[in-house]
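**Q** After the sequence you'll find the predicted model.
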Amino acid sequence: MPPTSSHAHAPSSAWRSGASAPHAASTAVIGLQWGDEGKGKVVDLIAPKFDAVVRYNGGANAGHSVVVGGVRFALHLVPSGILYPDKLAVIANGVVVDPESLLREYDGLTDKGVSMKGLVVSSRAHVVMPYHKAEDELREQLLASDDGESIGTTKRGIGPCYADKAHRATAIRISDLLAPALLRARLDTICKVKSVMLGSAGSSLDPAHLAAWATHLGERLRPHVHDTTYLLHDMLSSGKRLLFEGANAALLDVDHGTHPFVTSSSCTTLGIPAGTGVPGSRIGEVIGVVKAYTSRVGNGPMPTELLDDLGQRIRERGREFGTTTGRPRRVGWIDLVAVKYAAMISGATSIALTLLDVLSGLDEIRACVAYSSADSPAHTDRFSPDSEAMRAFRPVYHTLPGFTEDITCVRSRAALPKNAKSYIEFIEQYIGVPVRLIGVGPDRIQTIVDGFAS
Ligand code: GDP
Ligand code: IMO
Ligand code: MG
């Protein structure tokens, strides 16, 4: 075993003290659409109730914006709990970590006065190497050539890194960055394998250079590296509460999303046990985050997409440009068939409905309640985790009256305009899960909280 720090060397007093409540419930925040639902804002808002915020999937493909007092923080790998100095912000084993990107984020947050003391990185998280990003880019180019369709990835090397995780012998984990001799030997082998597998694209890989690069970054990360599985279980044993922060979202899930236009990890609650070592039975509340309309970045089916002026208007009002890549997001009406499916596989116990303020000023609001298709006269209210099947679906809408009032200063559900309330009730009834949090603006304070279990 390489000499990594173990949980025994971690700043244990931060989580070992406190009342013992062995089965304290933990909470998960999961995106129920195609990403960018406002998970970062929700996590930041409720983090004070927890002792650690834990990322379990994805990597720097995520972009979670948190706005506090007008200051915007864009988080990619660092959990959104980092803004509270007394919380641990844990990057668990299921995350793929680009060390350069993580340290860039680390330095940016430090420059903004954020303490990084609470950051913990799993020794078993896999490392996104420069060649993973090059392969991601190359694969996308090849898929798009000859009129083909690429996935539209973020080009952050996510797919190739998870592929190496599955290939095993060509994978590098955070612990390897802390053991230079072993790392160098592994990179010699990896570069040999890749030069054969990738041909000219892999022939220029230089193991000595890569090893020096990775060792340097590993040394900077060393104080933060721990066995996060024991760390999280120790916290649970001493009655501490964990908040799991989903990245990407249910409809981008590698198994349950619109395959192949998905990301490469398990993005729902189902990914938490494998991505952290904490069994699902430890998770109590699951907050499903749902944007009041739909957005999607990248390619793939999106039945409710609006390609007209209305779509443009929603994109501008919602500032729908990617936090990670800056790409304009595709937008459309809320797709309740898709959200209900996502709530089902995620086990959502409550809904956080975000960006409701963006819909203000529309005469009417539509919600997709079923799909029709040319192949069948019957409508279906079942989502299909298969892109070809989804492409054939046309949305069947229920139309509700819109609202014109500016709701960005409203702080109680009762004070919302009547038609906004009716829209929320319609969503609750369709999904069968209560809306307990409503976003009326990007700032932490622009939120209506309607009672979460304590
Ligand atoms: P995430 O990836 O799910 O964390 O979401 P992103 O941060 O990528 O995208 C959500 C965007 O909406 C960010 O720019 C947030 O600042 C913003 N946002 C979040 N909640 C609200 C809200 O209730 N109203 C408005 N207008 N913006 C919001
Ligand atoms: P957050 O956590 C929106 C999308 C990409 C692409 C597909 C695969 O901010 O909600 P990848 O780089 O993961 O191989 O790209 O998944 N995607 C996201 N879209 N928000 C995200 O994260 C995303 N993470 C991945 O746009 O379509
Ligand atoms: Mg995002």
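**A** That came through, no problem. Numbering: from 1, shown residues only. Ligands and ions are numbered 1, 2, ... in the order given.
**Q** in the stretch 201-350 of the chain, what residue is nearest ligand 3?
**A** Of the residues in the stretch 201-350 of the chain, the one nearest ligand 3 is T323, at a distance of 4.6 Å by Cβ to the ion. Every residue, glycine included, has its C-beta placed from N, CA and C.
**Q** Report the contact partners of that residue.
**A** Residues in contact with T323 (Cβ atoms under 8 Å, 6 or more residues apart in numbering) are D36, G63, H64, S65, A74, H76.
**Q** ok, the residue nearest to the last one when sequence neighbours are not counted - how many residues close by?
**A** Nearest non-adjacent residue to H76, counting by Cβ to Cβ, 6 or more residues apart in numbering: A60, 4.4 Å away. Using other Cβ atoms under 10 Å, A60 is surrounded by 26 other residues.
**Q** do the same with the one 5 residues further on
**A** Using other Cβ under 10 Å, the number of residues around S65 comes to 18.
**Q** which ones are touching it?
**A** G40, K41, R72, F73, A74, L75, T323, P442.
**Q** Work out for me the element it sits within.
**A** Secondary structure assigned from DSSP states H and E places S65 in strand 64-68.
**Q** touching ligand 1 at all, that strand?
**A** Yes. If you take Cβ under 6 Å from any ligand atom as the test, strand 64-68 does meet ligand 1, through H64, S65, V67.
**Q** what residue ranges in the stretch 301-450 of the chain score low on pLDDT?
**A** Applying pLDDT under 70 to the stretch 301-450 of the chain picks out no residues at all.
**Q** Tell me the residues of it that contact ligand 3?
**A** Within the stretch 301-450 of the chain, the positions adjacent to ligand 3 are T323 by Cβ under 5 Å from the ion.
**Q** can you list the residues of the stretch 301-450 of the chain near ligand 2?
**A** T323.
**Q** Which positions in the stretch 301-450 of the chain make contact with ligand 1?
**A** With Cβ under 6 Å from any ligand atom as the criterion, the stretch 301-450 of the chain meets ligand 1 at residues R319, T323, T354, L355, D357, V358, G439, V440, G441, P442.
**Q** 8 Å - rerun?
**A** By Cβ under 8 Å from any ligand atom, the part of the stretch 301-450 of the chain that sits against ligand 1 consists of 317-320, 322-324, 354-358, 408, 438-442, 446-447.
**Q** Just the ones in helices from those, please.
**A** R317 (DSSP state H).
**Q** follow-up on the earlier one: do the strand holding S65 and ligand 3 meet at all?
**A** No. Using Cβ under 5 Å from the ion, strand 64-68 stays clear of ligand 3, with a minimum separation of 5.6 Å.
**Q** max-length helix in the protein?
**A** When the chain is parsed with DSSP H, its longest helix is helix 180-198.
**Q** by contact count, what packs against that helix?
**A** The helices and strands touching helix 180-198, judged by 3 or more Cβ pairs under 8 Å, 6 or more residues apart in numbering; DSSP states H and E, are helix 130-144, helix 174-177, helix 200-203, helix 207-221.
**Q** picking up where we left off before, correct me if wrong: the residue nearest to H76 contacts T324.
**A** Yes. With contact defined as Cβ atoms under 8 Å, A60 counts as touching T324 (7.2 Å).
**Q** so who does the residue of the chain found nearest ligand 2 touch?
**A** The nearest approach of the chain to ligand 2 comes at G298, 2.0 Å away (Cβ to the nearest ligand atom). The neighbourhood of G298, defined by Cβ under 8 Å, 6+ apart, consists of I151, G152, T153, T154, F261, R327.
**Q** That one looks like it's in a helix, true?
**A** No. G298 is assigned coil when assessed by DSSP: H, G, I helix; E, B strand; the rest coil, not a helix.
**Q** that older thread, which pair in the contacts of G298 has the greatest spatial separation?
**A** Largest separation among the contacts of G298 by Cβ to Cβ: F261 and R327, giving 14.5 Å.
**Q** Looking at these two, which one has more neighbours?
**A** The residue with more neighbours, out of F261 and R327, is F261; 22 against 13, by other Cβ under 10 Å.
**Q** so what's the more buried one closest to, chain neighbours aside?
**A** Closest to F261 by Cβ to Cβ, 6+ apart is G300, at 2.6 Å.
**Q** give me the number of residues near that neighbour?
**A** Other residues near G300 number 22, with proximity taken as other Cβ under 10 Å.
**Q** my guess is it contacts A338, does it?
**A** No. G300 lies out of contact with A338 (Cβ under 8 Å); the separation is 11.9 Å.
**Q** tell me the contacts of E405?
**A** Neighbouring residues of E405 by Cβ under 8 Å, 6+ apart: S360, P417, A420.
**Q** Please tell me how far it sits from ligand 3.
**A** Using Cβ to the ion, to the nearest Å, E405 is found at 28 Å from ligand 3.
**Q** Now that residue: phi and psi?
**A** Per-residue torsions, E405: phi -70, psi 150 (degrees, to the nearest 10).
**Q** If we ignore the residues flanking it in sequence, what's nearest I314?
**A** For I314, ignoring the flanking residues on the chain, the nearest one in space by Cβ to Cβ, 6+ apart is V331 at 4.8 Å.
**Q** Now stretch 72-91: buried residues?
**A** 73, 75-84, 87-91 (16 or more other Cβ atoms under 10 Å).
**Q** list the buried ones in the longest helix of the chain?
**A** Buried residues in helix 180-198 (16+ other Cβ under 10 Å): P180, L182, L183, R184, R186, L187, I190, C191, V193, K194, L198.
**Q** The fourth one contacts A208, doesn't it?
**A** Yep, that's R184 we're talking about. Yes. Between R184 and A208 a contact is recorded at 7.4 Å, counting by Cβ under 8 Å.
**Q** In this protein, which residue sits furthest out from the middle?
**A** P377 (36.9 Å; Cα atoms, centre = their mean).
**Q** Let's see the helix or strand hosting that residue as PDB, backbone CA atoms only.
**A** Using DSSP H and E, P377 sits within strand 376-380. Taking Å, rounded to 0.1, in the frame of the first residue of the first chain, the C-alpha atoms of strand 376-380 are listed here in PDB:
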ATOM      1  CA  SER A 376     -48.800   4.600 -31.300                       C
ATOM      2  CA  PRO A 377     -52.200   6.300 -30.900                       C
ATOM      3  CA  ALA A 378     -52.000   6.000 -27.100                       C
ATOM      4  CA  HIS A 379     -50.200   8.500 -24.900                       C
ATOM      5  CA  THR A 380     -47.700   7.300 -22.400                       C
END
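**Q** quick one: the next helix-or-strand element following that strand to chain centroid distance?
**A** Next helix or strand after strand 376-380 toward the C-terminus (DSSP H and E): helix 387-391. Centroid separation for helix 387-391 versus its chain: 23 Å, with Cα atoms, centre = their mean, to the nearest Å.
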